[in-house]
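Undergrad: can't give you the sequence, but here's the structure:
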């Protein structure tokens, strides 16, 4: 893995945070429930989203087994590795991974 450029990890986290806000607002009418979006849950989702993008782009720190399963598109492994927060966010993570361009 290539190290993050200066400030890159923070820029990725900011984009993931903004994407969560937009995603929740757009999907609220469709019964989307991203668990109770407490600050701790939101921080967890931002960290996992950041690891997913970093792992996909091979920068920074590698993700754990759940993150790697998302990046590898391994559905059974994703559900097997997901905690109670992430099991509700899989659609968000996949959307983030495939719709977000590289952040330098």
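TA: In hand now; what should we look at? Keep in mind it's a predicted model, so treat the numbers as computed, not measured. Residues are numbered from 1 along each chain as shown.
Undergrad: for the chain, which segments count as helices?
TA: Under the criterion DSSP state H, helices of the chain are mapped to 8-27, 39-57, 65-71, 75-81, 90-99.
Undergrad: residue 90 reaches residue 80, doesn't it?
TA: No - taking contacts as CB atoms under 8 Å, residue 90 lies outside contact range of residue 80: 11.9 Å. All C-beta spots, glycine's among them, are computed from the backbone N, C-alpha and C.
Undergrad: of those two, who's got more company?
TA: residue 90 (16 against 11; other CB atoms under 10 Å).
Undergrad: let me see the contact set for the closest residue to that one other than its chain neighbours.
TA: Counting by CB to CB, 6 or more residues apart in numbering, residue 90 lies nearest to residue 78, which is 6.1 Å off, once chain neighbours are set aside. Applying CB atoms under 8 Å, 6 or more residues apart in numbering, we find residue 78 in contact with 66, 69, 70, 90.
Undergrad: switch those residues over to a markdown table; also include pLDDT and distance to residue 60.
TA: Output for the contacts of residue 78, formatted as a markdown table (pLDDT from 0 to 100; distance: CB to CB, whole Å):
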| residue | pLDDT | distance to residue 60 |
| --- | --- | --- |
| 66 | 97 | 16 |
| 69 | 97 | 18 |
| 70 | 97 | 16 |
| 90 | 93 | 22 |
